[in-house]
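> generate coordinates for the sequence data below:
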Amino acid sequence: MSLVGHWQLEIKTPFGIQRLRMEIREAGGIMVGTLSNQLGTYELANIQLHADAMLLQAGVRMPFGEMRLEFQGVVRNHKMWGKCKTPFGRHDFMGERQV
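Okay, here's the model as predicted:
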């Protein structure tokens with residue numbers, strides 16, 4: 001599996017579905033990338049992939065304030081899903097690679 005590519009993500013939160021765009025690429029043997037929404041673009045941190053288990057983090061601005069997000073889930077083919085940890089708890093997320 002690979003996380004490299006452009007992704008569309010949705011997080012189901014108590015404030016409604018939050019949509020994000022994510023781009024991940026390899027640079028010097030490590031994965032780097034950004035997470036974007038209507039309020040800006042943010043650097044990803046701690047991008048990890050072990051078999052099909054993924055983890056990544058980002059500090060973002062959302063309509064209801066700035067926060068740290070941690071995505072932990074599964075990547076299979078062109079889809080990912082799991083839980084996103086926020087200051088408001090853990091919420092389901094899903095994503096699809098844009099090909």
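> which residues in this structure form strands?
5-13, 16-27, 30-37, 40-50, 53-62, 65-76, 79-86, 89-98 (DSSP state E).
> redo those strands as CSV? Include mean neighbour count and mean pLDDT.
Bear in mind the C-beta positions are built from the backbone N, C-alpha and C, glycine included. Output for these, formatted as CSV (neighbours: other Cβ atoms under 10 Å; pLDDT from 0 to 100):
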stretch, mean neighbour count, mean pLDDT
strand 5-13, 17, 96
strand 16-27, 15, 94
strand 30-37, 17, 95
strand 40-50, 13, 95
strand 53-62, 17, 94
strand 65-76, 15, 94
strand 79-86, 18, 96
strand 89-98, 16, 97
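> spatially central, which residue of this structure would that be?
Nearest to the mean C-alpha position of the chain, counting by Cα atoms, centre = their mean, stands Phe71 at 5.6 Å.
> okay, and the beta partners of it?
Taking DSSP bridges, one obtains Leu56, Cys84 as the residues bridged to Phe71.
> OK, contacts around it?
Applying Cβ atoms under 8 Å, 6 or more residues apart in numbering, one finds that Phe71 lies in contact with 9, 54-57, 82-85, 93.
> gap between the residue lying farthest from the centre of the chain and Gln98?
Ranked by distance from the centre of the chain (Cα atoms, centre = their mean), the top residue is Gly28, with 21.2 Å. To Gln98, Gly28 is 24 Å away according to Cβ to Cβ, to the nearest Å.
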